[in-house]
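J.: I would like the atomic coordinates for the input below:
(2 chains)
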Amino acid sequence: MPLDGAGGATRPLLEVEDLARDFDVSKPLLFRLLQGEGRRILHAVAGVSFSIPRGTTLSLVGESGCGKTTVARLVVGLYAPTRGSIRIDGIDMATLRSRAAQAPVRRRIQMIFQDPYASLNPRWRVGNIIAEPIRAFGLMRDRSEIEARVGELLRQVGLSPKDAEKYPHEFSGGQRQRISIARALSSDPEFLVCDEPTSALDVSVQAQILNLMKDLQQRLGLTYLFISHNLAVVRHMSDRIGVMYLGRIVELAPGEALFAHPQHPYTRLLLEAIPDLEMTGRQRTPVGGEVPSPIDPPSGCAFHPRCPFANARCKAEVPALLRRGEVEVACHAVAEGRLPA
Amino acid sequence: MPLLEVRNLRVEFPTRRGVLTAVDRVSFSIDEGEVLGVVGESGAGKSITGNAIIRLIEPPGRIAGGEVLLSGRRIDTLPPQEMRRVRGKEIGAIFQDPLTTLNPLYSIGRQLAETMQTHLGLSDREARARAIKWLEDVGIPGAAQRIDAYPHQFSGGMRQRVVIALALCAEPRLVIADEPTTALDVSIQAQVIALLKRLCREHGTAVMLVTHDMGVIAEAADRVAVMYAGRIVEIGPVREVVKQARHPYTEGLMGSIPSLTRRVERLRQIDGAMPRLSDIPPGCAFNPRCAKAFDRCRADRPELMPTQGASRAACWLYAENGSARDAA
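T.: Now for the predicted structure:
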């Protein structure tokens, strides 16, 4: 099993196929019996496929409840998939049953969370927080060696090795996110899953963190799965972008193409909806409606109730993600050429 | 005469370690029907400024100096009973989280009707009819059927529409909207901003729009005030501030926002962080992070002064009658 990725130059680092995850959101049994209700299943992720080539960034973008965070958690193994497969460097995660068998692969994946206030243990010194993955994976034993590595990691994220002695509350939100990044890097991973890493930060601090993440990617050859609701941030960070709506990817395209020629009506709506800082005075057509509940999604294409181009087929049949050149779109109207360019 | 005038407002929070000044000599005005954006990062004092105007500062915070005038009448010295009448009737408020603004125990119709009865003296029937009209105006589908529904029965976007109706239904002349769209998804955010803009234009209501989101400001405001460490560092027409920021902080802030149309390899970054209130440097509060700072910036605090354009900036680069010291 080649763990160092030998010969993997062409193989994507992450391949996800038909990934799905359901959550049971039923009321307690007694309520169901008394009220004659059935089980209620929430399809948080309903069949998502994508791959991320080594050293590149794929972003998933969408509104709350679209399933993007669930995908991130499935990929790092915080949830078990209901269906579908996750392959990391060609290794199917489902075939690795025991923790011991998973550990060498898990070491290569780390996660950065949204809330830097909740993701660091307030009772631990920063040095211990950062060293935890090193100890958990048994990468180093010697105390002074670990200390030196922690100092190096702190320097790498723009903090001082002396900060290892401090506690998280002594740091600002941006600095805490730097600590999270240092912790994520400590097991020498190749792949980082970043779930809204800058959403809790002010814009000027966000710029610092985004710049840091780009620098680290270049220097260490990292691969990113980047989750965000902010299209401008996503555009800045990504090579490819997947737009999610109610548990499915509706459009998957290179960043440039997605912003220059959005195909799916939902992508167009999202781009249309962003406040325009350039103030080019473009005419905006506000689209009404809201994201429906994922517990009871609309039939066919989940976007059809809000879509100006929907017809009978859209109401009945779920569109598949079809590839056209570099762009993949799940839309009957696009496939049939019914959409205005 | 401007509708609202704030002069040298100062808000302090006494703590065990000394008095913190959260808003420090802030002055600005809002004209009838104008939308003034107030933008800044967390801790800049923008929300506290808004709350101070309607006197909703949580104790032990207090207004420690300055004046607030509404149509030329001082309202910062009004007794609490009279101030209650000003709030709601003359100044409406919209907050970030619609769930905390709405009373979960009353139907939305009752909350709207009660507000109108209190401030406009309408009868029950009139108030109810007008409540339905307001719900229609803010785009609640099936308003007549949903008027007796409770806040939890609405989605986040719909709730914020109800809050807008509630803030505007007593026909105030000024609305203070504090991060009205921050809790909402982008597609809903656009709907809510468009709605707020349309209704305020129709009713001639002025808006003080407090937000951290420059995009929202660019979209909705006529003028914008940029706050940093409790002070206004720049104020001017929104187009000028966005396209040609004068204060080095505003310039850095604008450069740090990722753009949708231009892709850059690196974002411009302002190193460091905004100082804590207990730790504001002497002179210009921004001087330790400013690449253009010189001796005077470290010694004297700059007041807002004219620049080459229509904005004013609190920056010594613009001393000597608006001729920039550093042409770049």
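
J.: can you count the residues close to whichever residue of the stretch 51-200 of chain A sits closest to chain B?
T.: Among the residues of the stretch 51-200 of chain A, A:Glu63 lies closest to chain B, at 3.9 Å counting by Cβ to the nearest Cβ. (Glycine included, C-beta is placed from N, CA and C.) The tally of other residues near A:Glu63 (other Cβ atoms under 10 Å in any protein chain shown) stands at 21.

J.: so how far is B:Pro180 from it?
T.: To B:Pro180, A:Glu63 is 18 Å away according to Cβ to Cβ, to the nearest Å.

J.: now B:Ser42
T.: Counting by Cβ to Cβ, the gap from B:Ser42 to B:Pro180 is 17 Å.

J.: Please name the residues that touch the residue found closest to the residue of the stretch 51-200 of chain A closest to chain B once you drop the neighbours it is linked to in the chain.
T.: Distance criterion Cβ to Cβ, 6 or more residues apart in numbering or on different chains; nearest residue to A:Glu63, sequence neighbours excluded, is B:Asp185 at 3.9 Å. Contact analysis of B:Asp185 by Cβ atoms under 8 Å, 6 or more residues apart in numbering or on different chains lists A:Glu63, A:Ser64, A:His229, A:Val291, B:Gly157.

J.: Pretty sure the first one sits against B:Gln189.
T.: No: with contact defined as Cβ atoms under 8 Å, A:Glu63 and B:Gln189 do not form a contacting pair (10.0 Å).

J.: Downstream of whichever helix or strand B:Val192 is part of, the next helix or strand is which one?
T.: Applying DSSP states H and E as the criterion places B:Val192 in helix B:186-203. Counting by DSSP H and E, the next helix or strand C-terminal to helix B:186-203 is strand B:206-211.

J.: and the following helix or strand past that next one, is it in reach of chain A?
T.: Per DSSP H and E, the first helix or strand lying C-terminal to strand B:206-211 is helix B:214-220. Yes: residues of helix B:214-220 are located near chain A by Cβ under 8 Å from any Cβ of the partner chain, namely B:Met214, B:Gly215, B:Val216, B:Ala218, B:Glu219, B:Ala220.

J.: do the same with stretch B:39-50
T.: Yes: applying Cβ under 8 Å from any Cβ, one finds stretch B:39-50 in contact with chain A at B:Glu41, B:Ser42.

J.: what separates that stretch from the chain centre, distance-wise?
T.: Centre-to-centre, stretch B:39-50 and its host chain are 8 Å apart (Cα atoms, centre = their mean, to the nearest Å).

J.: Can you name the residues in contact with that stretch?
T.: Under Cβ under 8 Å, 6+ apart, the answer for stretch B:39-50 is A:202-205, B:6, B:9, B:11, B:22-24, B:26, B:38, B:57, B:61, B:176, B:178-179, B:208, B:210-214, B:217, B:224-231, B:253, B:274, B:276-277.

J.: Buried subset of those, written for ChimeraX?
T.: The buried residues among the contacts of stretch B:39-50 can be selected in ChimeraX (16 or more other Cβ atoms under 10 Å in any protein chain shown) with this line:
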select /A:202,203,204,205 /B:6,9,11,22,23,24,26,38,57,61,176,178,179,208,210,211,212,213,214,217,224,225,226,227,228,229,230,231,253,274,277
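
J.: Next step: the contacts of stretch B:39-50 restricted to strands.
T.: Using DSSP state E, B:6, B:9, B:11, B:22-24, B:26, B:38, B:176, B:178, B:208, B:210-211, B:224-228, B:231 are the members of those that sit in strands.

J.: Identify, from the residues of helix B:214-220 next to chain A, the entry nearest to chain A.
T.: Nearest to chain A among these, with distances taken as Cβ to the nearest Cβ, is B:Gly215, at 3.2 Å.

J.: returning to what we had before: for the residue of the stretch 51-200 of chain A closest to chain B, what are phi and psi?
T.: Note on A:Glu63: its backbone torsions stand at phi -90, psi 170 [degrees, to the nearest 10].

J.: element containing the residue nearest to A:Ala164 when sequence neighbours are not counted, please.
T.: With Cβ to Cβ, 6+ apart as the criterion, A:Ala164 has its nearest non-adjacent residue at 3.2 Å, and that residue is A:Gly127. In the assignment (DSSP H and E), A:Gly127 maps to helix A:126-136.

J.: tell me which element the closest residue to chain A within the stretch 1-150 of chain B is part of?
T.: Using Cβ to the nearest Cβ, B:Glu41 is the residue of the stretch 1-150 of chain B that sits closest to chain A, at 3.8 Å. For B:Glu41, there is no helix or strand it lies in under DSSP H and E.

J.: Kindly report the same for A:Ala148.
T.: helix A:143-156.

J.: That helix packs against which elements?
T.: In terms of contacts (3 or more Cβ pairs under 8 Å, 6 or more residues apart in numbering or on different chains; DSSP states H and E), helix A:143-156 is packed against helix A:126-136, helix A:173-185.

J.: tell me the most buried of those?
T.: Mean neighbours per residue, mean count of other Cβ atoms under 10 Å in any protein chain shown, is largest over the helices and strands packed on helix A:143-156 for helix A:173-185, with a mean of 24.

J.: the inter-axis angle of the following helix or strand past that one versus helix A:173-185?
T.: Next in sequence after helix A:173-185, counting helices and strands by DSSP H and E, comes strand A:191-195. Angle of strand A:191-195 versus helix A:173-185, following axes from the mean of the first three to the mean of the last three Cα atoms, to 10 degrees, is 150 degrees.

J.: near chain A, which residues of the stretch 1-150 of chain B show up?
T.: So the stretch 1-150 of chain B meets chain A at B:Glu41, B:Ser42, B:Gly139 (Cβ under 8 Å from any Cβ).

J.: okay, those residues in JSON lines with neighbour count next?
T.: JSON lines is the format used below for the residues of the stretch 1-150 of chain B next to chain A (neighbours: other Cβ atoms under 10 Å in any protein chain shown):
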{"residue": "B:Glu41", "neighbour count": "22"}
{"residue": "B:Ser42", "neighbour count": "13"}
{"residue": "B:Gly139", "neighbour count": "18"}
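
J.: export the residues you listed to TSV and tack on distance to A:Asp215?
T.: TSV is the format used below for the residues of the stretch 1-150 of chain B next to chain A (distance: Cβ to Cβ, whole Å):
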residue	distance to A:Asp215
B:Glu41	23
B:Ser42	25
B:Gly139	45
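
J.: For the stretch 1-150 of chain A, which residues are neighbours of chain B?
T.: A:Glu63, A:Ser64.

J.: wait, isn't A:Ala44 in contact with A:Gly247?
T.: Yes: the criterion here is Cβ under 8 Å, and A:Ala44 meets it with A:Gly247 at 5.9 Å.

J.: rewinding a little: now the helices and strands packed on helix A:143-156 as JSON lines including mean pLDDT?
T.: Compiled in JSON lines, those are given as follows (pLDDT from 0 to 100):
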{"stretch": "helix A:126-136", "mean pLDDT": "94"}
{"stretch": "helix A:173-185", "mean pLDDT": "94"}
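
J.: got a markdown table for those, with distance to B:Trp134 too?
T.: Shown next, in a markdown table, are the helices and strands packed on helix A:143-156 (distance: least, Cβ to Cβ, whole Å):
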| stretch | distance to B:Trp134 |
| --- | --- |
| helix A:126-136 | 51 |
| helix A:173-185 | 39 |
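
J.: Which one of those helices lies nearest to A:His332?
T.: Among the helices and strands packed on helix A:143-156, helix A:173-185 comes nearest to A:His332, with 40.6 Å by Cβ to Cβ.
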